Structures are given as C-alpha cells and as structure tokens.
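Participant: give me a model of this one.
(2 chains)
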Amino acid sequence: MEACMDFLDRLDPDILLKIFTYVDDPYDLVRVSSVSRSWRHFVIANGLWKQLCLRKFSQLSRVTHVVELNKCWAVGAAEVGSSHSKEWEYLERDDRAYALLARASTTFIDRDCISKAISASSTDNYPEESIYNTLHPTDNVLWRTSYWSSKGQSNPAVPETLVYKLADDFCVITEINLRPFQVYFHEGLPIYSAKSVRFRMGHPKSPTDSGNDLLGYSLPDSVDDKFIWTYTSQEFPMAQESHLQKFRLPEPVLCVGGILQIELLGRVQRCEIDGLYYICISFVQVLGRPLSPALGVEILEPCGKFVLKIKNDRPFELQAQSNHTVTGSVAEAS
Amino acid sequence: MSSSSSPMQSTGRKLKLKSKDDETFEVEEAVAVKSQIFKYMVEDGVSNGPIPLPNVNGKTLARVLQWCQKHADPTITEDELNKYDAGFIDVDQAVLYDLLMAANYLNIEELLKLACMRVADMIKGKSPDEIRRTFNIKNDFTPEEEEEVRKENAWALGP
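Facilitator: Model prediction:
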C-alpha cells in the first residue's frame, strides 16, 4: 500500500522536535518551512527558528519578548484552520524575528564594526598617544606616528583595557584584530605587545548615560564602571610581533549593546629609557555584521535582559547595496 | 521469526520480551539494559516473566535487539560500530519510523539519536520539492501563498 507518510502526522511531537534540532542550517530550515502548510505551521508552532538561533547565540536566552516596529506587510493568506489568537500572532512574530536574525547573521558580510574609541584604562602622553590612534590602519598619519600607549608600570602583570563603541548596538562579532606597535625610533626596535588578550562585550549601564557623552573623546582613563559586560571570551595568547594579529572567536557572538572591551593581559616589553613596562597598540579592528536595519534591541536595566525588535523586515535590498559583493543571496524570485 | 539470544557466555541473566504481535524474544540483561525501560526494570527486580511490549511489533523488536547486541559487545571498536550503524539505519522510511518509535518507547537514546539524524539527513540539502518527493508530501499552499513563501525565502531557495 503506497502510503502518504508525511511523518509530521505519524510521529510524536517530541520525536519530531528531536529530528528538527539536527536541521541546523538556516538554509535548510527555510526550505522546511516552504514544503507545505502543515510543515510551515509546525515550524512556527514549535519556534524552530528561535531554537536554531538560541543554539547559535546563547546570548539570546536574555530576550524577554519580540516587538515589531512599522509592520509593513500583512501576513500571507490566512492559513485554513490556523488559530487567530494572540498566541499565534506572537508565535508568528517570533518566527519572523528569529528567521530574520538567522538570515542576517548568515548572509551579511563581515566588515569593520568600530564606530568610536571610548576610553583606555591609562594613556601615556595624552592626547598624542590616545586610543583614538588605534582607529587608523597605518602607523604614520600626517607625518606623525599613530599608536596608543599605556602608562608605564614596574609590575608587568598590570593589565590594560581599551573600550570601543560599535557601529550598531546589535551585531554579530566574529573576529578582533590587533597590531602591536613596534617602536622603530628606539634601539632594538622593541614591540610593546601584551602577553595575552581577552574580549568583553556589553552595554552602557544606564541608557541616559549611554556613553554618548563619552563617545569620540578617546578618554585617557578607564570608564569601566559605566558599562556592564554580558560576554567574556577565552584568553588568547598574543605574539610579540608587529604584524596584524587575528583573534577569531570560536563561535560568532551576538554583541548586545554595542560596546566592546579589549583586555590586554600582561606586559612583555620594558622601555630601556625609564625601565617601565608598557603596552602599545597601533591598530584595532573588530569584524562582524551589524544587524541594523533589520533588527535592534532595547536593553532592560538592571536585569540586563533585552527586547528583540524587528525594525525592518525587508532590509536586504539596503544591505545588498552596501555590500561590496553579494553572495548570490538576495535573488528576487523570478 | 528470530530470537535474539546468542551463544554468548551465559553469565548474565536473560530477559523475556513479548512483542505486540506475540513474538517472544530472549535477550541477555547486559544487552537489554541499553533500553532505559529495561534498565529500571532490572534494577527494580521486576523482570520475571515475559515483559509485554504492546507498542512494538516483532520485526522491529528483532532489529532493535540486534542493534542493542552489537552496541553491548565490549570487543567491538568505535570504527566498526560506526560502520554498523551506517548500514543499520539505511532502511526504507516505514522501517525507519518504526525504529524511531520503538527507540523512543523503549528509551534507547543512542538509537533514537541515530534514527533522528538519519531523518534529518534526508531533509538537509534538499529543495522543498525534493523534500516533498522524499516524504510523499502534498504541496497544499494556494498559488498566492506559494508565491508569498517563495518571495520571502528567495534568499535560500534561489538556484
């Protein structure tokens, strides 16, 4: 007997859910939602997009709920038999939000995400050697060497931190690159790298004190107490070499709040002139994908949980224009 | 009809199982406890007399017990097990679903995972149409719905 064995009907929900947890690629889940009404219904009813995103980005466990701004398109023809209750609306909205997030984080192309340099824990010769200099890729800017230097310490274990504001308060970060500065005008060409680095991401403590007043001033001293860190990376060893060193995060991380801190742990180079240990960095780059204009967040203090906002659910035409190359991902249906 | 008792050392006790279509099986405890259900029964000492399994038919139970036997074998290497699993799960859909449901009912986690991943593999990398053909699913979208879905998902459905 030739059976129409749509296994959605045959198998228990818990088995089905288990099967779909192994369908982990966003491209596959899109196709699953396009198979039939009941398959699409299953995807929405069981929050499969949310489950997929939660597996990729554990930071999403802090989402309280989803809101949709400027809902600019109606849901497609009403599904026969589907409930029009509020709960279904919420499920559909969640489905849209997380599908959007999966798509954006998969198809957007990495680019430099630093918007402004906020502060360094200490700065030598402020403002000539301020953190602002780390935004310039070349060492020589306007006939002047461009690098940030910490103050000197006799104890090489004293760490430093650099804090940056990112281009968006909601982005996927994949890699951070640092170039230690080699002081070519000192004998021995010393390289003032750190022993190791670690990265934190988070948000300003209070929305009013959103760091806006701090932005772009490249402050000489730490403003650590103004931020809350919700993600801390592993420690990465740093080489005492003057080329651009790449620190790829083991998994892409969602930065919620748009603030990134680089911790420079341990000093390796002593200055021959004053006998103190310094750290000097000439260039910093943070690679990732800002999720605007598609999605945004609103952080709820003091718990640190946040609201996920759908700002524009057709953002990809805009994104295609701003990408250098489009990986064939925004093909309109013919 | 097959009994899954094998000529291994008769050090362990045996469990008697009865499928829903009244086939009986004898199986070493060490093999049966791959199923959490039997594990608890053995621990609680309630494994006298044939255990009725109204949710599993004889053919499927035979297969499942074969799998348990292989996986309870201490001499088998991981490589051999992987090869065995790959062959074991390469079955048609009806058998696969029976295995899925039996593994779920008998709470055999590794077998359940193996079967679930197999179904997932049958879905991955396929277009919606290919998925429909594989699982014999009717496309019940209206033409308008289909167009809407296609537009929304062009980024992943494109050539």
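Participant: how long is stretch B:14-30 from one end to the other?
Facilitator: One end of stretch B:14-30 sits 9 Å from the other (Cα to Cα, to the nearest Å).
Participant: could you pull out the helices for chain B?
Facilitator: The residue ranges that make up the helices of chain B, judged by DSSP state H, are B:29-32, B:36-44, B:58-72, B:78-88, B:93-105, B:109-123, B:128-135, B:143-152, B:154-157.
Participant: only alpha carbons, please: show the fifth one as PDB.
Facilitator: The C-alpha atoms that make up helix B:93-105 are tabulated as PDB, following Å, rounded to 0.1, in the frame of the first residue of the first chain:
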ATOM      1  CA  GLN B  93      11.000   5.000   5.600                       C
ATOM      2  CA  ALA B  94       8.400   2.700   7.000                       C
ATOM      3  CA  VAL B  95      11.100   0.700   8.800                       C
ATOM      4  CA  LEU B  96      12.800   3.900   9.900                       C
ATOM      5  CA  TYR B  97       9.700   5.300  11.500                       C
ATOM      6  CA  ASP B  98       9.100   2.000  13.300                       C
ATOM      7  CA  LEU B  99      12.600   2.100  14.600                       C
ATOM      8  CA  LEU B 100      12.200   5.700  15.700                       C
ATOM      9  CA  MET B 101       9.000   5.000  17.600                       C
ATOM     10  CA  ALA B 102      10.400   1.800  19.200                       C
ATOM     11  CA  ALA B 103      13.600   3.600  20.300                       C
ATOM     12  CA  ASN B 104      11.500   6.400  21.800                       C
ATOM     13  CA  TYR B 105       9.200   4.000  23.500                       C
END
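Participant: what packs against that helix?
Facilitator: Packed against helix B:93-105 by the contact rule (3 or more Cβ pairs under 8 Å, 6 or more residues apart in numbering or on different chains; DSSP states H and E) you find helix A:7-10, helix A:13-21, helix B:58-72, helix B:109-123. The way it works is simple: take the backbone N, C-alpha and C, and place the C-beta from them, glycine included.
Participant: returning to what we had before: dump the helices of chain B into CSV; add mean neighbour count as well.
Facilitator: Compiled in CSV, the helices of chain B are given as follows (neighbours: other Cβ atoms under 10 Å in any protein chain shown):
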stretch, mean neighbour count
helix B:29-32, 22
helix B:36-44, 14
helix B:58-72, 20
helix B:78-88, 12
helix B:93-105, 20
helix B:109-123, 19
helix B:128-135, 17
helix B:143-152, 15
helix B:154-157, 20
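Participant: of all those helices, which one is nearest A:Gln240?
Facilitator: Proximity of these to A:Gln240 was assessed by Cβ to Cβ; the nearest stretch is helix B:78-88, lying at 42.0 Å.
Participant: angle of that closest one against helix B:58-72?
Facilitator: With axes from the mean of the first three to the mean of the last three Cα atoms, to 10 degrees defining the directions, helix B:78-88 sits at 170 degrees from helix B:58-72.
Participant: so for helix B:78-88, what's the average pLDDT?
Facilitator: In this model, helix B:78-88 has a mean pLDDT of 95.
Participant: stretch A:58-76 now?
Facilitator: 77.
Participant: one step back: lowest average pLDDT across the helices of chain B?
Facilitator: Among the helices of chain B, helix B:154-157 scores lowest, with a mean of 77.
Participant: could I get the CA-only coordinates of it as PDB?
Facilitator: Output of helix B:154-157 as PDB, limited to C-alpha atoms (Å, rounded to 0.1, in the frame of the first residue of the first chain):
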ATOM      1  CA  ALA B 154      14.200  33.600  -2.200                       C
ATOM      2  CA  TRP B 155      17.500  34.100  -0.500                       C
ATOM      3  CA  ALA B 156      17.600  30.400   0.500                       C
ATOM      4  CA  LEU B 157      15.500  28.900  -2.300                       C
END
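Participant: list the contacts for the residue most central in space within chain B?
Facilitator: The residue at the geometric middle of chain B, judged as the C-alpha nearest the mean C-alpha position with Cα atoms, centre = their mean, is B:Leu99 (3.1 Å). Counting by Cβ atoms under 8 Å, 6 or more residues apart in numbering or on different chains, B:Leu99 makes contact with B:Thr60, B:Arg63, B:Val64, B:Ile89, B:Val91, B:Leu111, B:Ala115.
Participant: can you pull out the low-pLDDT segments for the stretch 151-300 of chain A?
Facilitator: For the stretch 151-300 of chain A, applying pLDDT under 70 flags the ranges A:207-217.
Participant: quick check: the residue of it nearest chain B.
Facilitator: Proximity of the stretch 151-300 of chain A to chain B (Cβ to the nearest Cβ) peaks at A:Ala294, 12.3 Å away.
Participant: hmm, that residue is touching A:Lys311, no?
Facilitator: Yes. With contacts defined as Cβ atoms under 8 Å, A:Ala294 counts as touching A:Lys311 at a distance of 6.5 Å.
Participant: what are the contacting residues of stretch A:8-28?
Facilitator: Everything outside stretch A:8-28 that qualifies as a contact, by Cβ under 8 Å, 6+ apart, is A:7, A:29, A:32, A:38-39, A:42, A:46, A:48, A:51-52, A:55, A:99, A:102-103, A:106, B:97, B:100-101, B:104, B:112-113, B:116-117, B:119-121, B:123-125, B:156.
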